[in-house]
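Chemist: Here's a sequence, model it:
(2 chains)
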Protein chains: 2
Amino acid sequence: MEKLNRRTTLKLMGLGAAALAMGRGLAQQAPTADQLVKGKNAKLIVLSQRPVVLETPYDLLVSQPERTPKEILYIRNNVDLAGYNTVEGASLEGWSIEVGGLLDKPFTLEAKELLNLPQSEVTMVLQCSGNGRSLYQPRTSGNPWGRGGVGNVTFRGVKLKDLLAAKGAKPTEKALFITAHASRQGGAAEFVRSVPIQALENALLALSMNGEPLPAVHGGPVRLVFPGFFGVNNVKWVQKIEFAEAENTTAEQMPRYRVPAIPNTHLPFLPQEPGGRYTYTFATSRPNWLVNVNSFIFAPLEGQTVEGPYVRVEGVAFNDGIVPIVSVELSADGGRTWFKAELEKTERSFGWIRWRRTLYLRSGAHEIMARAWDAAGRSQPLDGNLAWNERGYEWNGVMRVRFTVA
Amino acid sequence: MEKLNRRTTLKLMGLGAAALAMGRGLAQQAPTADQLVKGKNAKLIVLSQRPVVLETPYDLLVSQPERTPKEILYIRNNVDLAGYNTVEGASLEGWSIEVGGLLDKPFTLEAKELLNLPQSEVTMVLQCSGNGRSLYQPRTSGNPWGRGGVGNVTFRGVKLKDLLAAKGAKPTEKALFITAHASRQGGAAEFVRSVPIQALENALLALSMNGEPLPAVHGGPVRLVFPGFFGVNNVKWVQKIEFAEAENTTAEQMPRYRVPAIPNTHLPFLPQEPGGRYTYTFATSRPNWLVNVNSFIFAPLEGQTVEGPYVRVEGVAFNDGIVPIVSVELSADGGRTWFKAELEKTERSFGWIRWRRTLYLRSGAHEIMARAWDAAGRSQPLDGNLAWNERGYEWNGVMRVRFTVA
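Modeler: Down below sits the predicted model:
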């Protein structure tokens, strides 16, 4: 499917170029985000029409530093579900979810039963594991995301473990993974993804987002979200949940959505020669699972001119939520000196946390860097390209912004 | 065996206390390091007599910042090989090594054949995965190491992959681990350890250390070393090497020498309640494999009084050698500001690298912190205790030193 998307993208780019050559009239015919998905902001960048992939422009992203509204939230769909390209909710009526595999009491749930169970809420970063991909050099396969394949949203619904408890069902000891399947209604493509059993602790069958019914295009009526895990693991339109002994072996699990790694080490990735090829197996790679430590500078923006000499620098930082972010540090001198920013909070969080610091900067051109550091001792690579991988996943290089102080 | 050691240690501590109560005469009868192991410095701290476990006092460690001489190098033996408690070399005569398992052409090697094969050299950190254990609160099981369970040494010998090439042997595709067995001569206890197949790249059958025959007490005549891996994986007195599909299941692999983790993530460890219990399985933990990022302050030392206001701070830093250390930073204000130190080198290294920086510090009491940061974005926890685990492995918390500027 990735290849298809790429082809579609390239075709679109080709069309765009041809259209430009022919004059403005034709170019305007490429569908805009709001035409592709009802209710989306027209400014979203169309990376693919079908399945729909939309990126949030960075200036729109930073304009909403608390929660990312549904109108601007990025989309990376792998499945094109007929009639679901809208930010409005989808009906629970007739939607059922099979829960089984290595479970002592398998069951089928009418999704609307979820409304009668205790509701839980989680604010979490939703981020495509390809976010930042276009920063890798040389270019990799996949949708060429800038930094706008990310958002911070609040999901509400029923914890999977609460559902199991309500049904009196328990995964067996052999269950090491949770495998979720998206609906194939209307002949949609298969989409299956596995996460480790440890993800059960926070897994949520989400029915709403940001206080409104979960948008159909974002997986409504029911999406199985795993706070702390990259976007791809949060299966939309969930129809089947299996407890399994092994990771599933469909394309979304292997070789897609993986990075080179030595399994069972704390190595975030195995560096390889940029531009090279790699043989992905379960023994030479790991899935895009836990969100890696990252921080984004929301202000100043690249290329801006700001008042000085006191310049307010601000942004957000996040990780997998397993431990807190302990520090975000800024450098205005190429990394020789780093100053700690004020953090919005120091407790662990699946959502991003905001940070800010005022720096004293003379008139002229400046480049600042921001890096986050978490309690487990994880930080970001100074040069993100060291994690180069042929599918361009998990960019979390230290962000640099160049701007001018007036 | 760990339990035995602990009992021995506790017994020794008990004896010491009793002896102190009885006066100095009796206390002096506890064997010193040089009495336990011929050629060791008498100042080494005896953590266990049998198998012998000796810690390098920190002031001795820092006195040799380039290479750690055999006389002061720490020992953490799990096996007590009769006649091998000496820093002198051991005879290759009659020593043979079986190489097999998932190998297309298994063979038995007369160890002295290694002398006729191309020799390779590697300088690497040798560090017990329990180094720093006594910093965990509450106290954990295991030998109560301070920070002296570490050294930087140069091994020379034959690369395992060169040996395989010379024999025309290749691991099969199913081989995912290298499992090494220590000699059991004289009825010695079993010691077996597995590392991932990726470790083959740098594996070395070491015959010498720091330019001299490999000391018998450190694994001579032949030790299989894996640069970048914690001490326990570098099997002394190697007698059998197997290529295997799975990790071995003897006690040194499971449950010993592991930390709680979610497998196949880049999570360095899974935080748990200090003092709590954990169920170690292959699915809930990972082995002490790759050395985690660490930095030690070698000067000033804790409690010292130094001349000011310009104070030279220096030390060493290391990681698993897969990517370079990119920065070591110092803070003298509790982490609000960090200053980058000069690094001895910025290429990747299995050995530790030295760093230094002169700080301007007023007269009075100071506390400095040092943290290393590598190219993969890995750093150290600000509070090392977050990695608390019941066996006390892999401490790499940011080091703090308190001293006075005159």
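Chemist: Could you use CA atoms for every contact and neighbour count after this?
Modeler: Noted.
Chemist: Tell me, how many residues neighbour A:Ala283?
Modeler: 20 (other CA atoms under 10 Å in any protein chain shown).
Chemist: which residue sits closest to it in space, ignoring its chain neighbours?
Modeler: Using CA to CA, 6 or more residues apart in numbering or on different chains and skipping the chain neighbours, the partner closest in space to A:Ala283 is A:Pro263 (6.3 Å).
Chemist: Wait, that neighbour touches A:Tyr280, no?
Modeler: No: the pair A:Pro263 / A:Tyr280 is not scored as a contact, 11.8 Å apart, by CA atoms under 8 Å.
Chemist: ok, back up a step: state the distance from the residue nearest to A:Ala283 to A:Ser183.
Modeler: A:Pro263 sits 31 Å away from A:Ser183 when distances are taken as CA to CA, to the nearest Å.
Chemist: what's the answer for A:Trp355, then?
Modeler: Here A:Trp355 is placed at a distance of 39 Å from A:Ser183 (CA to CA).
Chemist: circling back to that earlier point, while we're on the residue nearest to A:Ala283, how confident is the model there?
Modeler: In this model, A:Pro263 is scored at 94, pLDDT.
Chemist: Show me where the stretch 1-150 of chain A has its helices.
Modeler: With DSSP state H, counting those that start in this stretch as the criterion, the stretch 1-150 of chain A has helices at A:2-22, A:24-27, A:33-36, A:58-62.
Chemist: Flag every buried residue along the third one.
Modeler: Looking back up the chat, that one is helix A:33-36. With burial defined by 16 or more other CA atoms under 10 Å in any protein chain shown, the residues of helix A:33-36 counted as buried are A:33-34, A:36.
Chemist: residues near the residue nearest to A:Ala283, how many?
Modeler: Residues contacting A:Pro263 under the criterion other CA under 10 Å number 23.
Chemist: quick one on the thing from earlier: out of the buried residues of helix A:33-36, who's nearest A:Arg336?
Modeler: A:Ala33 (42.8 Å; CA to CA).
Chemist: average pLDDT across stretch A:323-340?
Modeler: 98.
Chemist: First-to-last residue distance for that stretch?
Modeler: 18 Å.
Chemist: Need the contact partners of it.
Modeler: Contact with stretch A:323-340 is made by A:295, A:317-319, A:341-343, A:346-349, A:355, A:357, A:366-376, B:271, B:335-340, B:382, as judged by CA atoms under 8 Å, 6 or more residues apart in numbering or on different chains.
Chemist: Now list the buried members of those residues.
Modeler: A:295, A:317-319, A:341-343, A:348-349, A:355, A:357, A:366, A:368-376, B:271, B:335, B:337-340, B:382.
Chemist: Got the phi and psi for the nearest residue to A:Asp383 once chain neighbours are set aside?
Modeler: Nearest residue to A:Asp383 in three dimensions, chain neighbours excluded: A:Gly397, at 5.5 Å (CA to CA, 6+ apart). For A:Gly397, the backbone dihedrals (degrees, to the nearest 10) come out as phi -60, psi 150.
Chemist: Name the nearest of the buried residues of helix A:33-36 relative to B:Gln137.
Modeler: Using CA to CA, these come closest to B:Gln137 at A:Ala33, 54.6 Å.
Chemist: And the closest one, what's its pLDDT?
Modeler: pLDDT, A:Ala33: 98.
Chemist: Am I right that it is in contact with A:Val46?
Modeler: Yes: using CA under 8 Å, A:Ala33 is in contact with A:Val46, at 6.1 Å.
Chemist: which neighbours do those two share?
Modeler: Counting by CA under 8 Å, 6+ apart, the contacts common to A:Ala33 and A:Val46 are A:Leu54.
Chemist: any idea how far A:Val125 is from chain B?
Modeler: Distance from A:Val125 to chain B, counting by CA to the nearest CA, to the nearest Å: 18 Å.
Chemist: Kindly check the end-to-end length of stretch A:228-245 for me.
Modeler: 22 Å.
Chemist: tell me which residues in it are buried?
Modeler: For stretch A:228-245, burial by neighbour count (16+ other CA under 10 Å) applies to A:228-245.
Chemist: One more: stretch A:309-321?
Modeler: Of all the residues in stretch A:309-321, those buried under the rule 16+ other CA under 10 Å are A:311, A:313-321.
Chemist: Using PDB, write out every CA atom in it.
Modeler: In PDB, the C-alpha atoms belonging to stretch A:309-321 read as follows (Å, rounded to 0.1, in the frame of the first residue of the first chain):
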ATOM      1  CA  PRO A 309      17.000  41.400  23.100                       C
ATOM      2  CA  TYR A 310      14.700  39.300  25.300                       C
ATOM      3  CA  VAL A 311      13.200  36.600  23.100                       C
ATOM      4  CA  ARG A 312      10.600  34.200  24.300                       C
ATOM      5  CA  VAL A 313      11.300  30.700  23.000                       C
ATOM      6  CA  GLU A 314       8.500  28.100  23.400                       C
ATOM      7  CA  GLY A 315       7.400  24.700  22.300                       C
ATOM      8  CA  VAL A 316       6.300  21.300  23.200                       C
ATOM      9  CA  ALA A 317       8.000  18.000  24.200                       C
ATOM     10  CA  PHE A 318       6.900  14.400  24.600                       C
ATOM     11  CA  ASN A 319       7.900  10.800  24.900                       C
ATOM     12  CA  ASP A 320       6.100   7.500  25.400                       C
ATOM     13  CA  GLY A 321       4.700   8.600  28.700                       C
END
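Chemist: per-residue pLDDT, A:Gly14?
Modeler: At A:Gly14, pLDDT is 39.
Chemist: quick one, what contacts A:Ile45?
Modeler: A:Ile45 sits in contact with A:32-33, A:54-57, where contact means CA under 8 Å, 6+ apart.
Chemist: Next, the distance between the ends of stretch A:206-215.
Modeler: So stretch A:206-215: terminal residues 11 Å apart, CA to CA.
Chemist: what residue ranges in the stretch 201-350 of chain A score low on pLDDT?
Modeler: Along the stretch 201-350 of chain A, the model assigns pLDDT under 70 to no residue.
Chemist: per-domain residue ranges of chain A.
Modeler: With domains defined by the TED database, chain A comprises A:33-253, A:294-405.
Chemist: and the stretch 251-400 of chain A, which residues reach chain B?
Modeler: Residues of the stretch 251-400 of chain A lying close to chain B by CA under 8 Å from any CA of the partner chain are A:262-271, A:283, A:286-287, A:289-290, A:322-323, A:326, A:335-340, A:373-383, A:386-387.
Chemist: these two touch, right, A:Ala283 and A:Asn264?
Modeler: No: between A:Ala283 and A:Asn264 there is no contact under CA under 8 Å: 9.5 Å.
Chemist: wait, isn't A:Asn152 in contact with A:Thr68?
Modeler: Yes: look at A:Asn152 against A:Thr68 with CA under 8 Å: they come within range, at 5.3 Å.
Chemist: And A:Ser120, how far from chain B?
Modeler: Taken as CA to the nearest CA, the span from A:Ser120 to chain B is 24 Å.
Chemist: let me fix that: A:Gly101
Modeler: Separation of A:Gly101 from chain B (CA to the nearest CA): 18 Å.
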